[in-house]
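Novice: Sharing a model prediction with you, sequence too.
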Amino acid sequence: MSVTQVPLRPIARGSLLKLWLSIAGLVIAAFFLAQLGTRPLRGESTASGLVFRTVEAGEGDPIKLVDGAMIEYEGRLPDGTVFDSTEGRGPAPILPSQVIPGFSEALQKMSRGGRYSVRIPSRLAYGESGTPDGKIPSNSDVLFDIHIVQVVPNAALMAGGGAPGQ
């Protein structure tokens, strides 16, 4: 035997299987760790299908159906096309009782000063009809980034709208 030759010992029976099982275990553990770590980025899904994510928590009580709010927002389609925004116009006044059902549901989970991302399924947005101007096509989900600037308690009642359902 020359000096450059290294004798190889035979691999013990089952060693290769143990190696592959260890690698598979590490891959599975990495997958579950990634799922756990990205959970806050995905947001929560409500029973209606709305996906709601708090980017920056607000303060105070959540907005009620009879409250009003001054909000800054950007509305997008899933492909990234912006269909509406308050940028350059300043905050917009809004009543949760006078918007699409998904937006109303989302507003009622928000508080003053908070920033939120919302995905509204088409059936809670504009459904099969889309919008008359064609900016939002039929059966399209809509996404909103929303900042609650101010909350006005009982604004709907002060505006003479009465309590919901009246």
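Specialist: Structure's in. What do you need?
Novice: ok, how many other residues are close to residue 94?
Specialist: When neighbours are counted by other C-beta atoms under 10 Å, residue 94 registers 21. In short, each C-beta sits where N, CA and C put it, glycine included.
Novice: in the sheet, who's paired with it?
Specialist: Residues in a beta bridge with residue 94, per DSSP bridges, are residue 69.
Novice: check contacts around it.
Specialist: 68, 69, 70, 71, 107 (C-beta atoms under 8 Å, 6 or more residues apart in numbering).
Novice: How many residues are close by the second one?
Specialist: Read it as residue 69. There are 22 residues near residue 69, going by other C-beta under 10 Å.
Novice: mind listing the helices for the chain?
Specialist: 15-42, 101-107, 155-158 (DSSP state H).
Novice: List the buried residues in the longest strand seen in the chain.
Specialist: For the chain, the longest strand by residue count, based on DSSP state E, is strand 142-152. Buried residues in strand 142-152, counting neighbours by 16 or more other C-beta atoms under 10 Å, are found at 142, 143, 144, 145, 146, 147, 148, 149, 151, 152.
Novice: Which strands border that strand, and is each parallel or antiparallel?
Specialist: By DSSP bridges, strand 142-152 pairs with strand 68-76 (antiparallel), strand 115-120 (antiparallel).
Novice: lowest average confidence, helix or strand, in the chain?
Specialist: Least confident helix or strand of the chain, by mean pLDDT, DSSP states H and E, is helix 155-158 with a mean of 76.
Novice: Low-confidence stretches in the chain?
Specialist: The model of the chain has pLDDT under 70 over residues 1-4, 38-42, 159-166.
Novice: circling back to that earlier point, single out the most deeply packed of the helices of the chain.
Specialist: Mean neighbours per residue, mean count of other C-beta atoms under 10 Å, is largest over the helices of the chain for helix 101-107, with a mean of 22.
Novice: coming back round to it: among the strands paired with strand 142-152, which comes closest to residue 43?
Specialist: strand 115-120 (6.8 Å; C-beta to C-beta).
Novice: angle of the closest one against helix 15-42?
Specialist: 100 degrees (axes from the mean of the first three to the mean of the last three C-alpha atoms, to 10 degrees).
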